[in-house]
Each structure stands twice: as C-alpha cells, then as structure tokens.
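Engineer: Take this sequence and fold it.
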Amino acid sequence: MVCYCKLSDFFPAELAPGLVRWTARHPAAVDDPAPGSADDWPPEVGSVAYRGPDAVALIDPLLPEQDDDAPLWSSLDGLAQERAGRVSVLTTIRFHSRSRDAAVERYEATTAPPEGVMPFTVETGDETWFWIEEHRALVPGDRVLGDRGGGLRLCPESWLHYLDGITLGDVRRELRPLLELPVEMVLVSHGDPVLENGRAELARALA
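Structural biologist: This next block holds a predicted model:
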C-alpha cells in the first residue's frame, strides 16, 4: 500500500501553497564543463509541481526509479490524491523528457496543461514556457537560466546549434512579450530560481 505523505514531508518549504520546486542530479551532467559549451549547466536540475484548481501539474519532473516507498514519489502521490488523481505532466523542451514517461504511466496522466497553467510557445527557441497565474510564476526550459548571482541570463549561444540560423537575438525578441506579465517568480531548470522581482530580472536578461 502506498503511504500518502503530506507535501511538506518531502518539501519542508513550499514556494507558495501548492507550489514546489525540487532539484536532483541529472545523470548526464558534467562536473566541470567548458564555459559556454553544450554541457555548461549545473548538475542539479530543477523540477516543479503545482496543485492547480482541478489537477496537479508536474513540469519537467526528474524522479527516482519508481518505488512506492520513495519519499518523493510518495509526496507526489499525496499531492495527486488531493486532486482525485488528476495529473498533467508538462515538458518545456525535448531535452527535458527526464521522468515524463514514468510519471505519465504512474498517474495515467495527460500531457496537456491543466486549468491555471498557460503555455507560451517560443518557436525560435524550440521550447514551451509555462505561466502559473495563481503564483505569478514562469517556468522556462533551456533559454533562460539562473546566472549564479541571483538573477537570470540567456543560455549560451552554443545551445542553439541545432536550430538552423537561430540566434539569441531571435530568442530575446520572441521572449519580450512575456514582460507584459506580472512575473514574480522564474523557476528555471538550470541554476537558482528567482523568487521575487522576476519581471525585473527577466527584463535584465533580455536587455
């Protein structure tokens, strides 16, 4: 029998009621990557869980092997139970498939955004951002990262090598409409998240 734990059992500090971000080491991470290279990102990557009005959204989840006794799985099970088992597993970019299939299988989940989560397609950047309106939180994929100084930065130009002719300038222009949102948090996958004044930090990164 699965032991349903409270979210706070695994996440002692929620970012906001029903909103958590956790980190786990990515199996493909490189410990000492060359600056600006395709491997230039911290080994610990971020994932997000949001308890929406009618379903739970898991964004880019990186999870351990399925085990009913694993604390993280158990905490997410409890979160899903609060929404009658309704779960949506969302992916920002193809490289973040991570534990998507395992989560979809476990919860018989959909991959469509639930109520309260709005997708924003970044065509030039080949990814989708998610806006969690209740908490004024943006969840990007690889195009915006934590800058190691508490702010945000664009990804290295080398990360766009597979996109024919696309530059960071193109990505920057397409992301600027997001500055119209009242962004408070930017929950990046790579680096430290921005938990306040997110719009100002995003504006600096896009300047």
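
Engineer: Tell me where the longest helix sits in this structure.
Structural biologist: Taking DSSP state H as the criterion, the chain has its longest helix at helix 71-81.

Engineer: Find the nearest non-adjacent residue to Phe120, please.
Structural biologist: Distance criterion Cβ to Cβ, 6 or more residues apart in numbering; nearest residue to Phe120, sequence neighbours excluded, is Trp129 at 4.5 Å. Every C-beta, even on glycine, is put in place using the N, C-alpha and C of the backbone.

Engineer: can I assume the one you found sits in a strand?
Structural biologist: Yes. Under DSSP: H, G, I helix; E, B strand; the rest coil, Trp129 sits within a strand.

Engineer: shift numbering so it begins at 27
Structural biologist: Okay, using 27 as the starting number, the last item reads as Trp155.

Engineer: gap between it and Val46?
Structural biologist: Applying Cβ to Cβ, to the nearest Å, the value for Trp155 to Val46 is 18 Å.

Engineer: same check, this time on Gly191
Structural biologist: Remark: distance between Gly191 and Val46 (Cβ to Cβ) = 38 Å.

Engineer: neighbours of the residue lying closest to Leu232 once chain neighbours are set aside, just the number please.
Structural biologist: Leaving aside its chain neighbours, Leu232 sits nearest to Arg198 (5.1 Å; criterion: Cβ to Cβ, 6+ apart). The number of residues packed around Arg198, counting by other Cβ atoms under 10 Å, is 17.

Engineer: Arg198 and His161, how far apart?
Structural biologist: The gap separating Arg198 from His161 is 25 Å, by Cβ to Cβ.

Engineer: Go ahead and list the helix or strand containing Val115.
Structural biologist: Per DSSP states H and E: Val115 is located in strand 113-116.

Engineer: That strand: which residues count as buried?
Structural biologist: Using 16 or more other Cβ atoms under 10 Å as the test for burial, strand 113-116 gives Val113, Ser114, Val115, Leu116.

Engineer: I'd guessed the second one sits against Ala138; true?
Structural biologist: Yes. Shown here, Ser114 and Ala138 form a contact pair, counting by Cβ atoms under 8 Å, at 6.2 Å.
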